[in-house]
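> Okay, structure incoming, though there's no sequence with it:
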């Protein structure tokens, strides 16, 4: 009960309410209310059992979301935004990362401002779907594929399917086909799973590439890069990895 007395912050999501969630869903507005991190949440981050299971960060995010929306409901990019927001609200925007100095070629530690991370710019005209679905005309087969963007639940399904297939055929890769099979929800309006999966197995490369390119355009996310001014060189784009000290800053270890 005490935890509820702490202030909250409105976090705008990369999806920005562009119709990527089902109508009436709590996330359809494109924003959520998050609590500020406290020592209570640090206890979660250092929980041995959570760390072993790799779910410590998920548990923290679940605790920080005011409306108790299931984390699996969030699109991947929106969850990334929650992680960044939680880190900034908990430890501030300064984040130390390794970066290669373009002038010397040497690796150095730099401090970036997580508050300057921007969201990927999306073309709103591409969002012509409803209930979180988007239609795309495949250029080779001329069939209309209805797709959904990946959320936490679907990502788990994909990973489980890929891992299961790799146990049977470890020498093969299944990344593209499994992801497409779980991304396409209808083909020419037909939602039969067997029909969709059969189509993906025989999908022409031109259709596959075009659909994956389209997915990249309509998938909201955080641009994990900032501009950094290297001494003697000038400004350069730097990728911001989510490393071990993202939620466990070095001074806290």
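Alright, I've got the coordinates. Model, not experiment: these values are computed from the prediction.
> wait, residue 67 sits on residue 34?
No. Residue 67 is beyond contact range of residue 34, at 9.8 Å (criterion: Cβ atoms under 8 Å). For glycine as for every other residue, the C-beta is placed from the backbone atoms N, C-alpha and C.
> With neighbour numbers in mind, choose between these two.
Per other Cβ atoms under 10 Å, whichever of residue 67 and residue 34 has more neighbours is residue 34, with 20 against 9.
> who does the helix or strand that contains the more buried one touch, helix- and strand-wise?
Of the helices and strands defined by DSSP states H and E, residue 34 is found in strand 31-35. With contacts defined as 3 or more Cβ pairs under 8 Å, 6 or more residues apart in numbering; DSSP states H and E, the packing partners of strand 31-35 are strand 8-12, helix 56-64, helix 76-91.
> any idea how far residue 110 lies from residue 117?
15 Å (Cβ to Cβ, to the nearest Å).
> the more surrounded of these two?
residue 117 (20 against 15).
> close enough to count as contact, that one and residue 239?
No. In this structure residue 117 lies outside contact range of residue 239 using Cβ under 8 Å: 11.3 Å.
> Low-confidence ranges, this structure, go.
The model of the chain has pLDDT under 70 over residues 1-5, 128-131, 244, 249-253.
> and the residue lying closest to residue 152 once chain neighbours are set aside, how many residues sit next to it?
Distances taken as Cβ to Cβ, 6 or more residues apart in numbering place residue 72 nearest to residue 152, at 3.7 Å, with adjacent residues excluded. Number of residues near residue 72 (other Cβ under 10 Å) recorded here: 13.
> And the strands in the stretch 1-150 of the chain?
Assigned by DSSP state E, counting those that start in this stretch, the stretch 1-150 of the chain shows strands spanning 8-12, 31-35, 94-100, 107-113, 118-119, 133-137, 144-148.
> wait, which of those strands is closest to residue 178?
Of all the strands of the stretch 1-150 of the chain, strand 144-148 sits nearest to residue 178, with 14.5 Å by Cβ to Cβ.
> Counting by contacts, list what the closest one packs against.
strand 133-137, strand 184-187, helix 205-218.
> which residues sit against it?
With contact meaning Cβ atoms under 8 Å, 6 or more residues apart in numbering, strand 144-148 is reached by 129, 132-138, 154, 183-189, 211, 215.
> from the residues you listed, which would you call buried?
129, 132-134, 136, 138, 154, 183-184, 186-187, 211, 215 (16 or more other Cβ atoms under 10 Å).
> hey, what's in contact with both of residue 117 and residue 239?
In contact with both residue 117 and residue 239: 224, 225, using Cβ under 8 Å, 6+ apart.
> Show me the one of the helices and strands packed on strand 31-35 that comes nearest residue 149.
helix 76-91 (7.7 Å).
> From the rest of the structure, what touches the closest one?
9, 11-15, 27, 32, 34, 36-37, 41, 57, 60-61, 64-65, 71, 74, 95, 114-115, 117, 119-120, 149-152, 155, 219-222, 224, 242, 246-247, 249, 252.
> Sort out which of the residues you listed are buried, if you could.
11, 13-15, 27, 32, 34, 37, 41, 57, 60-61, 64-65, 71, 74, 95, 114, 117, 119, 149-152, 155, 219-222, 224, 246-247, 249.
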